[in-house]
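Trainee: Show me how the following folds:
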Amino acid sequence: MVGYILFLPTALAIAAALSANVASAETTGTAEVNPRLARVGDPFEVVLTISTDESVSIQQPAFPTPQGLRLLNSESVRGMQLSFSGADSESTYTFTAEYAAEEPGEYRIGPFRVSYTTSDGESAELTIDAVAVEAHEDAPRPASNIIFGPYPPWLVYLFIAMLVAVLAGLVAAWIIVRNRPREAIVAPLAIAFRSPEQAALDEIRKLGTPSASDEATVKAYYDSVDDILRKYVTKRYNVPTRDSTGWEIRKEFHRRERLDSRIKGVFELMNDCDWVKFAMTRPTDRDIRRLPERAADILVGLTEPVEERRMHESAVQD
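Mentor: Okay, here's the model as predicted:
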């Protein structure tokens, strides 16, 4: 009787331990795809990982093939790994399948159903959630959940140094401009914004004056002056002068009623050029030297009518 009393607690303790082990026995599974972003035609893997802490016999799982995907290997690779922690043990089974996309798109593979048999001979089934994969024609874009690592500290110092250098350069440039003489700043602006009259006069002065004895050079000189004056008329008054005679140009100004004192002087110079080019007029050295002066009076400083100046010059010569 005493032995029975001692045996009963022991049997109850062993039964509780066995029932606890049975209750804690669990079989779980996960699925993952690698890589999640793939190019059309490039292989990618789907891996099923099944973990259990009981003795089971797992059957080869079936890998579904959605439309647009191709299963490259029909026989999945199976592996098993055992791990021990004290008196407990855990088995891990891995099944791998290789796919390739035949056309771009987003695909869901699964869910996966894995059948297994426990040590007691009972059949069971484990369901693993589906996985998603994206296929692209070109190189796949990076995943949107990428987390970039922090910048190295030296990059921060380098950026600060570059910012300080730029600010120092701006301050130095401001000091140089502030201390520069005003004439050094205004002079280039004055050259850059010349009036059409000053630009035409500068071109005439650059020609140089030929000798009256060289008829060909004199004719070319007056031809160049006429060309400069025609360009000036076109630019200043917006009147075309190309392939037009002096009479036609003057007629156009009469029609527009725009004959001021300056344009009358320009027409007089152009008329003198026509006489030298076409009528073979022989200007003297004095006439040639005075042509830039006459152009200066007409274009930038006409102070008296041309006819009055000529009468004055004739009276002085007499």
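Trainee: Output the lowest mean pLDDT helix or strand found in the chain.
Mentor: Here the helix or strand of the chain ranked lowest by mean pLDDT, DSSP states H and E is helix 2-24, holding a mean of 47.
Trainee: Show me what Ser91 is bridged to.
Mentor: Thr52, Leu82 (DSSP bridges).
Trainee: now it: how far from Ser213?
Mentor: To Ser213, Ser91 is 119 Å away according to C-beta to C-beta, to the nearest Å. Placement of C-beta: from N, CA and C, glycine included.
Trainee: One more: Leu167?
Mentor: 67 Å.
Trainee: Please apply the same query to Glu125.
Mentor: Distance, Glu125 to Ser213, using C-beta to C-beta: 120 Å.
Trainee: What of Arg289?
Mentor: Separation of Arg289 from Ser213 (C-beta to C-beta): 14 Å.
Trainee: Please apply the same query to Gly41.
Mentor: Distance, Gly41 to Ser213, by C-beta to C-beta: 88 Å.
Trainee: More neighbours: which of the two?
Mentor: Higher neighbour count among Gly41 and Ser213: Gly41, with 12 against 9, using other C-beta atoms under 10 Å.
Trainee: isn't there a strand covering the more buried one?
Mentor: No: counting by DSSP: H, G, I helix; E, B strand; the rest coil, Gly41 falls outside a strand, being coil.
Trainee: Local confidence estimate at it?
Mentor: As predicted, Gly41 sits at a pLDDT of 86.
Trainee: Would you confirm that it contacts Ala101?
Mentor: Yes: the pair Gly41 / Ala101 is scored as a contact, 7.2 Å apart, by C-beta atoms under 8 Å.
Trainee: quick one, phi/psi of Val166?
Mentor: Here is the backbone geometry of Val166 (degrees, to the nearest 10): phi -60, psi -40.
Trainee: what's the distance between it and Ile228?
Mentor: Val166 is 47 Å from Ile228, by C-beta to C-beta.
Trainee: When those two are compared, which one has more neighbours?
Mentor: More crowded of Val166 and Ile228, by other C-beta under 10 Å: Ile228, with 20 against 10.
Trainee: what helix or strand does that one sit in?
Mentor: Ile228 is part of helix 215-237, with elements assigned from DSSP states H and E.
Trainee: ditto for Ala296
Mentor: Using DSSP H and E, Ala296 falls in helix 285-300.
Trainee: now the strands for the stretch 51-200 of the chain?
Mentor: Using DSSP state E, counting those that start in this stretch, the strands of the stretch 51-200 of the chain run over residues 56-58, 69-71, 77-85, 88-101, 105-109, 112-118, 123-128, 131-136.
Trainee: can I get those in JSON lines with mean pLDDT, distance to Arg294 and mean neighbour count?
Mentor: Listed next are these as JSON lines, based on pLDDT from 0 to 100; distance: least, C-beta to C-beta, whole Å; neighbours: other C-beta atoms under 10 Å:
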{"stretch": "strand 56-58", "mean pLDDT": "82", "distance to Arg294": "112", "mean neighbour count": "16"}
{"stretch": "strand 69-71", "mean pLDDT": "87", "distance to Arg294": "92", "mean neighbour count": "16"}
{"stretch": "strand 77-85", "mean pLDDT": "51", "distance to Arg294": "103", "mean neighbour count": "10"}
{"stretch": "strand 88-101", "mean pLDDT": "82", "distance to Arg294": "86", "mean neighbour count": "17"}
{"stretch": "strand 105-109", "mean pLDDT": "90", "distance to Arg294": "85", "mean neighbour count": "16"}
{"stretch": "strand 112-118", "mean pLDDT": "86", "distance to Arg294": "103", "mean neighbour count": "17"}
{"stretch": "strand 123-128", "mean pLDDT": "87", "distance to Arg294": "103", "mean neighbour count": "13"}
{"stretch": "strand 131-136", "mean pLDDT": "89", "distance to Arg294": "78", "mean neighbour count": "18"}
